[in-house]
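**Q** Quick one: sequence and predicted model below, then my questions.
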Amino acid sequence: MDDVDAEAWRVFTSCRKRVVVTALPRVMVEWFAREHLGDGVVVGAELVITRHGRAMGLLMRQEDSVADRVQALFEAGHRPRVGLGRPSPTPSFLSLCKEQRHPPFTACSSLHSNQATPSPLVIFHDGRLVRRPTPATALLTLPWMPFGVPLA
C-alpha cells in the first residue's frame, strides 16, 4: 500500500465508470488497469501495426484529442464526475470533469468507497510485472550473487 495514495484509491474505486488516461501505448497499460485497478477503459496512444501484424514501437498519430476520446465514452450531455491527475499547462481531459483532483489528494466526504484496498501490489521491472520483494527474498539474493554472476 506504500505506493498507492489511499485517498486517490478511495476516489478511484468510488466511481462506477472508470477511465484510465495515459500517454503510454494502450496495450501496455490495459491488462494492468483491468487486473489491478478493476474494470475500466484505457485511453492511450496506439501502436502502429505493420501489414504483417507486428508492432514496431512507433505511435500512431491521433486525429482527435484525448479529451475528445474520453468524451466519446460518455453519453451525450454527461461528463465525468471526478478527474484525478497532475495539473498541466496544456488542455487535457481534466477540463471535462465536474470535479478535478490533483495530488496531494485530500479527503472528500461526498465519495464512498466500494472497494477497500487494491489487489496485491506489483511493480514494473524490465517490462514485466513482478511481486515486490520481501526482506527475506532480498537477503536470499545476496548469497546467490557470487554464483549468478559467472553463470550469466
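**A** Nice, thanks for sending it over.
**Q** What segments of this protein are helices?
**A** 6-13, 26-37, 66-72, 135-151 (DSSP state H).
**Q** most packed of those helices?
**A** Mean neighbour count (mean count of other Cβ atoms under 10 Å) peaks for helix 6-13 among these, with a mean of 18. C-beta here means a position set from N, CA and C on the backbone, and glycine is covered the same way.
**Q** From the contact counts, what lies against that helix?
**A** Helices and strands touching helix 6-13, by 3 or more Cβ pairs under 8 Å, 6 or more residues apart in numbering; DSSP states H and E, are strand 82-84.
**Q** For T50, which of the helices of the chain is the nearest?
**A** helix 26-37 (14.8 Å; Cβ to Cβ).
**Q** Need the residues that contact stretch 91-100.
**A** Residues outside stretch 91-100 that contact it (Cβ atoms under 8 Å, 6 or more residues apart in numbering) are 21, 43, 65-67, 70-71, 79-83, 85, 88.
**Q** okay, and for the chain, where does confidence drop off?
**A** 1-4, 90, 105-130 (pLDDT under 70).
**Q** Now do the buried residues in the biggest strand by length in it.
**A** For the chain, the strand reaching the highest residue count under DSSP state E is reported as strand 19-25. Residues of strand 19-25 classed as buried by neighbour count (16 or more other Cβ atoms under 10 Å): V19, V20, V21, P25.
**Q** Please consider this matter closed, and thank you.
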